[in-house]
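[1] Coordinates for the following, if possible.
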Amino acid sequence: MVNRKISKLLGRIFGIVGFMLIIGVLEVPALANDNLNTNSAYCENTSLYKDKDYLININKSVEQNGFKVTLDKAIATKHKLKVMVKVESEKPFDENKYDNLMDSIVKVTFGNNNNRVNKHYDYINDKILLITIEEENNKEEYPEKGDIRVAVELPAYKVNVGIGDYVDFSESFKNTIEKDIFTPVPQFDFTLNKLEYTAMGTRIFYSGPYRDFFYKENNPGYLMNSFIILKVGDRMYKTKYDGCYYSDDAEKNKLRMGSYSAKTATYERVKDKKDISVIPVICDMSSDEINQIIKGNLKNRYYEKRKASKQTINNISYLKSFEFSDGSKGEIYNIERNDNTIKVYCRGSSEKESLLMANNMVINYNLGENELEQDSFYKDSNDNFGYVVEFNNIEKDKILDLNFVNNINLVDRYKIVDEVEISK
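    Residues are numbered from 1 along each chain as shown. Modelled structure (predicted):
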């Protein structure tokens, strides 16, 4: 059975804009020498990290209608919760009912329930489904200990069960560093005011003037489609925008508050680091413009044509040449694959192009599935514009599809802002 992954985002999202941006994480051409080195030695300045595993094994199960549902593992910090549920079937899953999973109900009860929720459905094989629930709690904190409960309803299979247990997240709570900062980022119209390093990554909190995003004049493209890169020492980490909420003050004093997260910049990696900064990247394209580009590419069958032009090296499917809108060229000039680790070497004809390529490189097991977590990236000390992008915990020898986020070829629509120091 084809391995298939489904992701469902609940809570406060940006509607069709968010959906179309996800579709946009497809492929654009990536220029390189024909003789790629797929097994060369690692760079001397590179060290692969082995994070401590803070996941708690719960392993509580309930059986119903030929299915075994297990509350498997969980991890929490003050503002994040991750729960893994395993569904095992006596018979192979009905492939005609895959889409019914989007109608399933999987609810976690632990502390405050008014949170942003992201769910992933991963078929491990034709009889095992792994459901991962990730929650974010911006306004309040999760308890360090307490009772956790998961309700799982799969209507297509007539499964409706509840599982609970007592959990103690003291270890992951203990290994947390919080630091108050004051770092204005005028290009984003906010100030960074707190750093939080945890077992689940680094969060950068900000606050800024209130904006009513329902009004177009208060919703410029650079606020919605720009991003920041976290730099810790010589390593850089891709961040995810966690969304925002508003203070309860009167409108004239109301603040917009939110955060960015770098999942792989964990406590173990950053706890002893001193040089920490962010690199703001401004994109002046509106969401409407991006949606129109994506729709045009779909209509012209752009992605299908590019897929047909790909080649495969060491089970990694990719395109060699990458052409920016100003006529300049980028390239993937080396690929290394060793067990569960992949390193991709890329460069453009300028620092700006190279940085955009590194931060916006994505890998999937199959095109259209959830992207695999990018570990980090850093400068190639042997190349002026080169960057090395690392992906860890990749299934050994499995076929992969390598792409770039759709819109970075429009290089003139991006601006790299000067690095902003947070801590030293």
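[2] can I assume K398 is in contact with N315?
    Yes - K398 lies in contact with N315 (C-beta atoms under 8 Å); the separation is 6.7 Å. Yep, even glycine has a C-beta here, placed from its N, CA and C like the rest.
[3] quick one: average confidence on whichever helix or strand L298 is part of?
    L298 belongs to helix 287-299 when assigned by DSSP states H and E. For helix 287-299, mean pLDDT rounds to 83.
[4] could you say what helices and strands it packs with?
    Judged by 3 or more C-beta pairs under 8 Å, 6 or more residues apart in numbering; DSSP states H and E, the packing partners of helix 287-299 are helix 16-24, helix 221-225.
[5] Least reliable of the ones you listed by average pLDDT, please.
    Looking at the helices and strands packed on helix 287-299, the bottom one is helix 16-24 with a mean of 35.
[6] Would you map out the domains in this structure?
    Per the record, the chain has its domains at 26-46+287-416, 56-168, 174-274, by automatic domain parsing.
[7] Which secondary structure element of this protein has the lowest mean pLDDT?
    helix 16-24 (a mean of 35; mean pLDDT, DSSP states H and E).
[8] Now the element after that helix, going C-ward?
    strand 56-64.
[9] partners of that next one, with directions?
    Strand 56-64 has its sheet partners listed here by DSSP bridges as strand 67-76 (antiparallel).
[10] average model confidence for the partner strand?
    For strand 67-76, the per-residue pLDDT values average out at 96.
[11] Can I get it as CSV, trimmed to CA atoms?
    Output of strand 67-76 as CSV, limited to C-alpha atoms (Å, rounded to 0.1, in the frame of the first residue of the first chain):
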residue,chain,number,x,y,z
PHE,A,67,-9.4,-1.9,16.1
LYS,A,68,-6.8,-1.3,18.9
VAL,A,69,-6.4,2.4,19.8
THR,A,70,-3.3,3.2,21.9
LEU,A,71,-2.5,6.5,23.7
ASP,A,72,1.2,5.9,22.8
LYS,A,73,3.5,8.8,23.8
ALA,A,74,3.3,12.5,24.8
ILE,A,75,5.6,15.4,25.5
ALA,A,76,4.8,18.9,26.8
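[12] Can you name the next helix or strand after it?
    Sequence order places strand 80-89 as the next helix or strand after strand 67-76, per DSSP H and E.
[13] And the average pLDDT for that following strand is what?
    pLDDT averaged over strand 80-89 gives 94.
[14] And stretch 341-349, by the same measure?
    Mean per-residue pLDDT for stretch 341-349: 95.
[15] Need the CA coordinates for it. PDB is fine.
    C-alpha atoms of stretch 341-349 as PDB (Å, rounded to 0.1, in the frame of the first residue of the first chain):
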ATOM      1  CA  THR A 341      21.000  11.900   7.200                       C
ATOM      2  CA  ILE A 342      20.900  13.900   4.000                       C
ATOM      3  CA  LYS A 343      23.000  17.000   3.200                       C
ATOM      4  CA  VAL A 344      22.100  19.100   0.100                       C
ATOM      5  CA  TYR A 345      24.600  21.700  -1.100                       C
ATOM      6  CA  CYS A 346      23.000  24.600  -2.900                       C
ATOM      7  CA  ARG A 347      24.000  28.100  -4.100                       C
ATOM      8  CA  GLY A 348      22.800  31.000  -6.100                       C
ATOM      9  CA  SER A 349      24.800  33.800  -7.800                       C
END
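[16] ok, and what's touching it?
    If you take C-beta atoms under 8 Å, 6 or more residues apart in numbering as the criterion, stretch 341-349 is touched by 30, 42, 46, 48, 316, 322, 324, 328-337, 353-354, 356-358, 361, 363, 380, 383, 385-392, 394, 400, 402, 411.
[17] buried residues in that stretch?
    341-349 (16 or more other C-beta atoms under 10 Å).
[18] just for the stretch 51-200 of the chain, where's the confidence low?
    When residues are selected by pLDDT under 70, those of the stretch 51-200 of the chain lie in 51-52, 97-103, 113-114.
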